[in-house]
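In: I'd like to go over a predicted model; first the sequence, then the structure.
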Amino acid sequence: MRAAQPPEDERDNKSKEHAMRITQGTFAYLPDFTDEEITAQINYALSNGWPLSVEFTDDPHPRNTYWEMWGLPMFDLEDPAGVLMEVNACRAAHPNHYIRLNAYDASLGRQTTALSFIVNRPAAEPGFRLDRTERANRTIGYTTHAYATDLPAGDRYAVE
Amino acid sequence: MTVAANPRVSFGFRPDEPPPEVLPTDAVLDLAEARHESGIDEVLRRLDAELVGLEPVKTRIAEIAALLLVDRMRARFGVDAVQPTLHMCFTGNPGTGKTTVATRMADLLHRLGYLRRGHLVSVTRDDLVGEYVGHTAPKTKEVIKRAMGGVLFIDEAYYLYKVENERDYGSEAIEILLQVMENNRDDLVVILAGYADKMHQFFSANPGMQSRIAHHITFPDYTVAELEQIAVLMTDAIGYRLSEDAKSVFHDYLQRRVEQPWFANARSVRNALERARLRHARRLLAEPGLVGLAELSTIEPADLLSSRVFDQPSIEEPR
């Protein structure tokens, strides 16, 4: 996890709402993709024969690996328009969730996610807090705590 | 979703292509050259060579090709060309080439630059309509997503809607199809096919479908002469040929067969040729001796004359 540096004039308390832009998956350090750029990436995955799937979550913790599936993975597609249609349907239903696209490489010897990137993120990402736990013999255990998860699932990242 | 403004060119990005120059209103374009570049003539020539008859179909395809070309030229003058609606409905008797033309259509629209991929997804009711509540929508959508960038060909489309059962899930599939036909016009072309009378019933029950389909193409029955040409193409394709005598016998055969029930145009021709192949093989084995390629691949009158069609008295006796 690394916080994106906000511009100089915004580095005060009131800009804490975009304090931590989470960086999971490919392209996470780039500016958010436009639909055309997403289409180009889908095209790349399809040209490699990787089926794509859409997943969403409102728990930004880095160890939260299994996100909710938006429909089934899409097999036998030829054209990116179908995938983009599902991405947009998921955005319409969950405008303030994280949404990612996974491309799965089923070829023997790989059989794993080949490409995964975030295509939608909440307007405000509160970020994480580091919790320290005192343990025996003055050792300290560390935990990352996502502020968003203080609220029940579904109420996180509500639009103000 | 808000799209981040991207003022700086990121590393690894290709620079944006400059927008195409808009021609001044008094400029002139060379039609012949544009036509040559687009390769339309090549496409139409192949269509003419490989498909026998089907004049109304060929005319419509030539019209569509011309429209797409003209649209492209208008776009160079900066006239905003709305993508034409190309959803189609093919009606015609069995064996008149509806499926064959649909396959061609996908390839053709791809060459003309209307479709991005040009593949054909051929489905029937089973692939669209689900088995229980809530099953139809995902199933239909999955098929539609697979067909995007190409042609969705729905064979026997009238089975989608069952008049007698109002709780049939078919209407749900039709609803989703209608929505996609309207909203994703640029992404896919839907072609419905079926027999004329049943399609007519289907459309009268679904007026929305009727109005969203711009092209209703009727496939005429083949004449005997056209069927003969088809037979020649078919025998060529499987590495056989008809001897001169066999050709005239086959002409006779077709004239009788056309009058009989269950005549299915090109499909009947194919079946007749398949049976002739079987008899041909049996005849060769019955007379042992030396054979060459000519004997192995030539269908003789005897192979056709033993057909059941010749047993029945012809309607126009005496021949």
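Out: Arrived safely, thanks for sending.
In: what about the residue in the stretch 151-300 of chain B positioned nearest to chain A, distance to residue A:64?
Out: Residue of the stretch 151-300 of chain B nearest chain A, by C-beta to the nearest C-beta: residue B:187 (4.2 Å). To be clear about C-beta, it is placed using only N, CA and C from the backbone, and glycine gets the same treatment. Distance, residue B:187 to residue A:64, using C-beta to C-beta, to the nearest Å: 33 Å.
In: give me the element the residue of the stretch 151-300 of chain B closest to chain A is part of.
Out: For residue B:187, there is no host helix or strand (DSSP states H and E).
In: how many other residues sit next to it?
Out: 21 (other C-beta atoms under 10 Å in any protein chain shown).
In: contacting residues around it?
Out: Contacts of residue B:187 were listed using C-beta atoms under 8 Å, 6 or more residues apart in numbering or on different chains, and they are A:79, A:81, A:82, B:148, B:149.
In: remind me which residues of the chain are low pLDDT?
Out: Picked chain A for this. Along chain A, the model assigns pLDDT under 70 to residues A:1-19, A:158-160.
In: hm, I was asking about chain B
Out: B:1-16, B:312-319.
In: could you redo the last one with a cut-off of 80?
Out: B:1-21, B:25-26, B:37-40, B:43, B:80-83, B:112, B:163-166, B:288, B:308-319 (pLDDT under 80).
In: And the strands in it?
Out: B:88-92, B:120-123, B:151-154, B:189-194, B:215-219, B:241-242, B:298-299 (DSSP state E).
In: Export those strands as CSV, with columns for mean neighbour count and distance to residue B:77.
Out: Output for the strands of chain B, formatted as CSV (neighbours: other C-beta atoms under 10 Å in any protein chain shown; distance: least, C-beta to C-beta, whole Å):
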stretch, mean neighbour count, distance to residue B:77
strand B:88-92, 23, 29
strand B:120-123, 18, 34
strand B:151-154, 26, 30
strand B:189-194, 25, 26
strand B:215-219, 17, 26
strand B:241-242, 18, 53
strand B:298-299, 20, 57
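In: Can I get the ones you listed in TSV including distance to residue B:257?
Out: Output for the strands of chain B, formatted as TSV (distance: least, C-beta to C-beta, whole Å):
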stretch	distance to residue B:257
strand B:88-92	18
strand B:120-123	28
strand B:151-154	28
strand B:189-194	24
strand B:215-219	19
strand B:241-242	15
strand B:298-299	16
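In: any idea how far the closest residue in space to residue B:168 that isn't next to it in sequence is from residue A:53?
Out: With sequence-adjacent residues excluded and distances taken as C-beta to C-beta, 6 or more residues apart in numbering or on different chains, residue B:168 is closest to residue B:162, at 4.5 Å. According to C-beta to C-beta, residue B:162 and residue A:53 sit 34 Å apart.
In: These two: which is more packed in?
Out: residue A:53 (21 against 16).
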